[in-house]
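# Sharing a model that was predicted from the sequence below.
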Amino acid sequence: MRRTTVGLGVLLLAFFARVWWIPMSRHRFDGHEADYLAVFQGGDWTGTTRLYPALAGFYAGLGALFSDPGVLLGVNVLAGLGTVFCGAFVVRQRYGDLAGLAAGLLLALSPEHAAWSTSAYNVSIPHFLVVAGCALGVLEGRWRWAGIPLYALACAMRVELALLAPVVAVLGGWRTAIGALGALGAWPVLDTSPALRDLRTVLPVNLQLIAFLGPCVVPAALAASRRTLDLLGAALLVHIVSACFDDYGARHALLGTVALIAVVAGVPGRRFFVVVPLALLLSAVSLHGLSKRYYATAEDFRATLDAPRVEGCPEVLDDPLDERSHWNRPWPDGACWGEEHHHYAWTSRGLQDRALRMHTAYQLEPYGILELGGGPRMLWTIR
């Protein structure tokens, strides 16, 4: 009874973080998330790696039963709560009740986990399926085989999850990792995926973005011990594999965040009572900061600026698919990069992750503010 009460308390905290602490009332369906909304509303669609048939078909089925778009968000919030429960269960099976409680609390307050739980894009549901598969994989008896189809379905909804099979093997056992074959379900749409850039160009930039693993990076480094080395290695593998994509963002690193949280929750001895509270504090502060930027407006962004008005300069872009992308050298003389409220805000478009890449990888100096019809653009000279 006590264990059930504690578990419900953790899930209530997770629910609170996702629907109140994060102001879901500000949510908008934009970017590729709007494509999934159109499917839900009965529109015609063609499968791509941005509109996976497995998830699109599920949303189309929901649309046949319901008309309120809020259903899409509700389903993803439930998936997020399921990730909290299943992630905590995996850690509990490894290290005991106290570690499971710590993992549940950290997942409940994990900023990117919470934020992506409020999005209908193909992040929250596939991620839940992976972690649920791992939870089944650590059970005894025949149930451990039930994790395979869950991981397989996740890979059909987000094909790059198949590359994380070694991480799934660490969290949920080698049987569960067999589900990586589910990526074959996305085979018909793989030719719509953007080509990979030269890793010699991409990796030196993206490997710097360890922050995508979340606020538990430092606590995990403090908590690392011999018994958690496999989990620490799993988290680093998620980061390295994901860094191979030129548009790497926090949404790609969520499974690595689970592994890092397991490292923190599994810290032995007295360090537990130092490292876990530190991780909880950092997570709460980070979640609060994200909540302030959740679908922030142009005026919210303007309030953070203090620079002169300018006419403009030759711009390079953070969009990896544009010919003016920062990945494409050489840059024009006097090149600058423009940051708008879409970069300042947390949205499902993921431009906040591109902004972090620009601020981390390059030397940026303020140039000035260019006023546009949709709001200000802060221009930075880039080196």
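Ah, there it is.

# mind checking the end-to-end distance for stretch 258-274?
End-to-end distance for stretch 258-274: 20 Å, by C-alpha to C-alpha, to the nearest Å.

# swap in stretch 356-376?
First-to-last distance for stretch 356-376 - C-alpha to C-alpha - comes to 18 Å.

# who touches that stretch?
Counting by C-beta atoms under 8 Å, 6 or more residues apart in numbering, stretch 356-376 makes contact with 205-206, 208-209, 211-212, 248, 297-299, 301-302, 305, 307-313, 318, 326, 336-341, 377-383, all of which sit outside it. Using the backbone N, CA and C atoms, a C-beta is placed for each residue, glycine as well.

# and these, which of them are in strands?
Mapping the contacts of stretch 356-376 onto strands (DSSP state E) picks out C336, W337, G338, E339, R377, M378, L379, W380, T381, I382.

# Would you mind giving me the ChimeraX syntax to select the buried ones in those?
Command for ChimeraX that selects the buried part of these, burial taken from 16 or more other C-beta atoms under 10 Å:
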select :336,337,338,339,377,378,379,380,381,382
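
# From the ones in strands among the contacts of stretch 356-376, pick the one nearest G80.
Distances from G80 to the ones in strands among the contacts of stretch 356-376, taken as C-beta to C-beta, are shortest for E339 (28.8 Å).

# Could you find the closest non-adjacent residue to the closest one?
Counting by C-beta to C-beta, 6 or more residues apart in numbering, M378 is the residue found nearest to E339 once chain neighbours are left out, at 4.5 Å.

# Likewise for T48?
Spatial nearest neighbour of T48, excluding adjacent residues (C-beta to C-beta, 6+ apart): T192 at 4.1 Å.

# Look up how far P204 lies from that neighbour.
Counting by C-beta to C-beta, to the nearest Å, the gap between T192 and P204 amounts to 28 Å.

# cool, and L281?
Counting by C-beta to C-beta - L281 and P204 are separated by 32 Å.

# Same question for A146.
Shown here: A146 relative to P204, a distance of 41 Å by C-beta to C-beta.

# Could you count how many residues lie near P194?
The burial count assigned to P194 is 12, neighbours taken as other C-beta atoms under 10 Å.

# And for G31, the neighbour number?
Here the neighbour count serves as a burial measure; for G31 (other C-beta under 10 Å) it reads 16.

# Nearest residue to it in space, please, no chain neighbours.
Excluding the flanking residues, the one nearest G31 by C-beta to C-beta, 6+ apart is R349, at 3.8 Å.

# The one you found - that's part of a strand, no?
No. With DSSP: H, G, I helix; E, B strand; the rest coil as the criterion, R349 is coil rather than part of a strand.

# L196 against Y248, yeah?
No. Look at L196 against Y248 with C-beta atoms under 8 Å: they stay out of range, at 11.4 Å.

# Looking at those two, which has the bigger crowd around it?
Y248 (25 against 10).

# Pull up the gap between T201 and R50, please.
23 Å.

# same check, this time on L287
Taken as C-beta to C-beta, the spacing of L287 relative to R50 amounts to 27 Å.

# Could you check which of those two is surrounded by more residues?
When L287 is set against R50 and neighbours are counted by other C-beta under 10 Å, the residue ahead is L287, at 22 against 15.

# Settle this for me: the more buried one is touching A108, isn't it.
No. Using C-beta under 8 Å, L287 makes no contact with A108, being 9.4 Å away.

# Can you check which residues contact both of these two?
A17, A114.

# Which of the three states applies to L370?
Classification of L370 into helix, strand or coil gives strand, according to three-state DSSP.

# What segments of the stretch 201-350 of the chain are helices?
When assigned using DSSP state H, counting those that start in this stretch, the helices of the stretch 201-350 of the chain occupy the ranges 217-223, 229-242, 254-265, 272-293, 298-302, 341-344.

# typed the wrong thing, it's the stretch 51-200 of the chain
53-65, 70-95, 97-109, 111-116, 124-137, 147-157, 165-172, 174-177, 199-206.

# quick one: the third one to chain centroid distance?
Pointing back at helix 97-109 there. On the basis of C-alpha atoms, centre = their mean, to the nearest Å, the separation between the geometric centre of helix 97-109 and that of its chain is 19 Å.

# mind listing what's buried in it?
Within helix 97-109, judged by 16+ other C-beta under 10 Å, the buried ones are A99, G100, L101, A102, A103, G104, L105, L106, L107, A108, L109.

# export the helices of the stretch 51-200 of the chain to CSV and tack on distance to S25 and mean pLDDT?
As requested, the helices of the stretch 51-200 of the chain are arranged in CSV below (distance: least, C-beta to C-beta, whole Å; pLDDT from 0 to 100):
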stretch, distance to S25, mean pLDDT
helix 53-65, 21, 95
helix 70-95, 11, 97
helix 97-109, 20, 97
helix 111-116, 14, 98
helix 124-137, 18, 98
helix 147-157, 27, 96
helix 165-172, 34, 98
helix 174-177, 37, 95
helix 199-206, 34, 95
